[in-house]
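Enquirer: Return a 3D structure for these sequence lines:
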Amino acid sequence: MARKLSNYSPTVERWVRDFIDSMDQGVLKYGNRSGEEPLGIKIIFAGYGFNEDSGRDDDRNVLCFKVFIHRDSLSVSEFPPHQEINSSIVHRLDQEVCINVTYIQSEDLIEVIPFEEGDTELDHKFVYRLIRDLELGNYE
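Expert: Take a look at the predicted model:
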């Protein structure tokens, strides 16, 4: 019997921890994909956290990531390339979900920010099943 994945946060956290453990160290640039990604998943470094002292996104203690899961992630060996405009990825609402994740280094804390209505046009139950199936295929 297949395991039910009702809370996908631990799965996404695991993917991001594996990515962080294997990515380049030092100052990161937006779009960095140097870490290891599970098959069918695209993880990018999306910037540093907001620094109240400087008023800018330059708090290097807080790393922000975007985790993209494509509707065809189970059947493709490589994540379908994104269109980019001005070095920014164009999110395909009708084809994928993007989950935002924050990592606070000093606390070794990962926060998976749940996707909501409007974040994707994909059926949410489909996305939950897809994450479960990707987890099973990549780690079990």
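
Enquirer: Now tell me which helix or strand of the protein has the poorest mean pLDDT.
Expert: strand 88-89 (a mean of 82; mean pLDDT, DSSP states H and E).

Enquirer: what about that strand, distance to the chain center?
Expert: How far strand 88-89 lies from its chain's middle: 14 Å, per Cα atoms, centre = their mean, to the nearest Å.

Enquirer: for the chain, what's the longest strand?
Expert: Among the elements of the chain assigned as strand by DSSP state E, the one spanning the most residues is strand 56-70.

Enquirer: Just the buried positions in it, please.
Expert: Neighbour counts using 16 or more other Cβ atoms under 10 Å place 59, 62-70 of strand 56-70 among the buried residues. Placement of C-beta: from N, CA and C, glycine included.

Enquirer: Determine how far the last residue of stretch 100-119 lies from the first.
Expert: End-to-end distance for stretch 100-119: 10 Å, by Cα to Cα, to the nearest Å.

Enquirer: Contacts for stretch 44-60, please.
Expert: 23, 27-33, 61-66, 68, 89, 100, 102, 104-105 (Cβ atoms under 8 Å, 6 or more residues apart in numbering).

Enquirer: sorry, that was for stretch 81-99
Expert: Here stretch 81-99 has contacts from 12, 30-31, 42, 44, 66-72, 80, 112-115, 119-122, 127, using Cβ under 8 Å, 6+ apart.

Enquirer: change it to 6 Å
Expert: By Cβ atoms under 6 Å, 6 or more residues apart in numbering, the surrounding residues in contact with stretch 81-99 are 12, 66-71, 115, 120-122, 127.
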